[in-house]
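>>> Coordinates for the following, if possible.
(chains A, B, C and D)
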2 protein chains.
Amino acid sequence: MTQRATYQSVAAHIQDRIEAGELTIGRRLPSERQLCEQLQVSRANARDALHHLENRGLIYRLNRIGWYVSPPVFIYDPTRTHSILHEARQHQRSLETELISATRETVSVAITRTLGLSSQTPVYKVIRRRSIDGRWALLESCYYREDAFEGLLEQELGGSLTDLVSRHYGYRQRSLNIGISSTCLNDQQALCLQIREGSPALRLERAVSVDGQCLIVEMEHWLHDAVEMRVKGESQE
Amino acid sequence: MTQRATYQSVAAHIQDRIEAGELTIGRRLPSERQLCEQLQVSRANARDALHHLENRGLIYRLNRIGWYVSPPVFIYDPTRTHSILHEARQHQRSLETELISATRETVSVAITRTLGLSSQTPVYKVIRRRSIDGRWALLESCYYREDAFEGLLEQELGGSLTDLVSRHYGYRQRSLNIGISSTCLNDQQALCLQIREGSPALRLERAVSVDGQCLIVEMEHWLHDAVEMRVKGESQE
DNA sequence: CAGTGGTCTAGACCACTAC
DNA sequence: TAGTGGTCTAGACCACTGC
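Residues are numbered from 1 along each chain as shown, chains lettered A, B, ... in the order given. Below is the predicted model of the structure:
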């Protein structure tokens, strides 16, 4: 506290350079070895500093490629009725979506049970990744009851699934059960987002019900520094 | 991926011991040096493994004291109308509250503005920490408009503030604006919770309004592995 | 291929806690 | 005072990326 550790000085130095505009958003930082030399510290020390800045959301890394200055958080209402694309447009952020897989298969008991199905019943599973301002920021896994979404796999799955569900399938009045927690990414998830296994993430699970029956489970894994969730509520005691 | 790193083996080993029940919830792990010797790895390596398990929420550390097995997450609805004490009782978790400070002072512009006040107007500020099953898990900073909570500092501030607001001050119908994001703790916050500066946390900001006027801003910092937020929603397209 | 981050070793001293 | 985690050094080799 009173005495500042070396790695904290290093972190402060890098932070200063970011805030001074010398390193701008999306720019790559000098390599770890360059930082060591510039600041005359050991590499472990430099890495400690980088990890701290990463935790604080100022920088992020692409696995085995380098360190970059983080863009501002994306503001996002998980109870929203419209597509996330609206939110992106509203905040003038570029959002791109890439379909990774769309299959019919049996999935974990937890999800199957949430969907009100017996354990071996197959469901539609759609996996996509999304980038914000050019950075892969979000991995999305959606699970659909087969009986409620006939022909889903033949639909266009690269756009707004929210719109598809409401326009094509006609499910408009929905109730949601949302869970938000901190987690970290496993091998596959990390690979999809080009980051290191074990990176911290914000997990959003959304169970969508129509007439009391859960039809969709959506699972989102956001890079921890990429998002802020905003929710409005009413309460009466 | 194909080849497992040493630190991953170490992490897996510790995880096995936890899952086997050899290390139970709240128990302290062997010291880092003991782990090094037991598993024949360097200390940096052992620490890497511990950090990974910490990220994944399996273990946590008390600053300069040791590593411990994490309790399960606390489930919590930030839009709830009742006190969090209800939730604790419901899930049979012990929750304790300690008042750290209660003052009248000028605070950050961001909060003052949210409260609809001009920048130098003092507000009531109440800081508390809360433990779950004996572990400090949550730091709470609440800001109240002075004109709406006369005599607040003379009230009993160690119990449910939700109840105080609704019973004593009569604010029952409220609307909420909630923000949830990932963050990490600064020196002071970390000190209060006995953990290391920079530890990852879940930040919950709640602006409470009555008749369109914001009267309270509540800021909660939860240890990242201590909580899962659950929200219900309705949506109509 | 050169350069990056990822993993790893074998030490060292310091600040702090618990006793 | 003994033991803990926190910080730090000066190396090393590996896996992978981008050219």
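
>>> So for residue A:227, what's the nearest residue that isn't a sequence neighbour?
The spatially closest residue to residue A:227, leaving aside those adjacent along the chain, is residue A:74, at 5.1 Å (C-beta to C-beta, 6 or more residues apart in numbering or on different chains). In short, each C-beta sits where N, CA and C put it, glycine included.

>>> does that neighbour really touch residue A:225, like I thought?
No: the pair residue A:74 and residue A:225 does not pass the contact test of C-beta atoms under 8 Å, sitting 10.1 Å apart.

>>> the bottom helix or strand of chain A by mean pLDDT?
Within chain A, no helix or strand scores below strand A:227-236, which has a mean of 87 by mean pLDDT, DSSP states H and E.

>>> Give me the number of neighbouring residues for the residue in chain A that DNA strand D sits nearest to.
Going by C-beta to the nearest atom of the strand, DNA strand D is nearest to residue A:6 of chain A, at 2.8 Å. Neighbour count of residue A:6, defined by other C-beta atoms under 10 Å in any protein chain shown: 15.

>>> Also the one 4 residues further on?
Residue A:10 has 24 neighbouring residues, counting by other C-beta under 10 Å.

>>> So which of residue A:74 and residue A:225 has more stuff around it?
Neighbours were counted for residue A:74 and for residue A:225 using other C-beta under 10 Å; residue A:225 has more, 25 against 22.

>>> Do I have it right that the more buried one meets residue A:57?
Yes: applying C-beta under 8 Å, one finds residue A:225 in contact with residue A:57, separated by 3.3 Å.

>>> which residues are common contacts for the two?
Residues touching both residue A:225 and residue A:57 (C-beta atoms under 8 Å, 6 or more residues apart in numbering or on different chains): A:70, A:73, B:182.

>>> What separation do you get for the first one and residue A:17?
Residue A:70 is 14 Å from residue A:17, where distance means C-beta to C-beta, to the nearest Å.

>>> Who has more neighbours out of the two?
Ranked by neighbour count (other C-beta under 10 Å), residue A:70 and residue A:17 place residue A:70 first, with 21 against 14.

>>> Could you list the domains of chain A?
Structural domains of chain A, as assigned by automatic domain parsing, span the residue ranges A:6-69, A:74-229.

>>> So the last one, near DNA strand D or not?
Right, domain A:74-229. No: Domain A:74-229 does not reach DNA strand D (C-beta under 7 Å from any atom of the strand); its nearest approach is 7.7 Å.

>>> for residue A:96, helix, strand, or coil?
Here residue A:96 is strand, with the state taken from DSSP: H, G, I helix; E, B strand; the rest coil.

>>> Ignoring the adjacent residues along the chain, who's closest to it?
Residue A:96 sits nearest to residue A:131 (C-beta to C-beta, 6+ apart), 4.8 Å away.

>>> Pull the number of nearby residues for the one you found.
By other C-beta under 10 Å, the residues close to residue A:131 number 16.

>>> ok, now residue A:90?
For residue A:90, the count of nearby residues is 9 (other C-beta under 10 Å).

>>> Read off the pLDDT value for it.
As predicted, residue A:90 sits at a pLDDT of 93.

>>> For chain A, give me the ranges with low pLDDT.
Within chain A, the segments meeting pLDDT under 70 span A:1-3, A:236-237.

>>> What segments of it are helices?
Under the criterion DSSP state H, helices of chain A are mapped to A:6-19, A:32-39, A:43-55, A:84-90, A:109-114, A:161-163, A:187-192.
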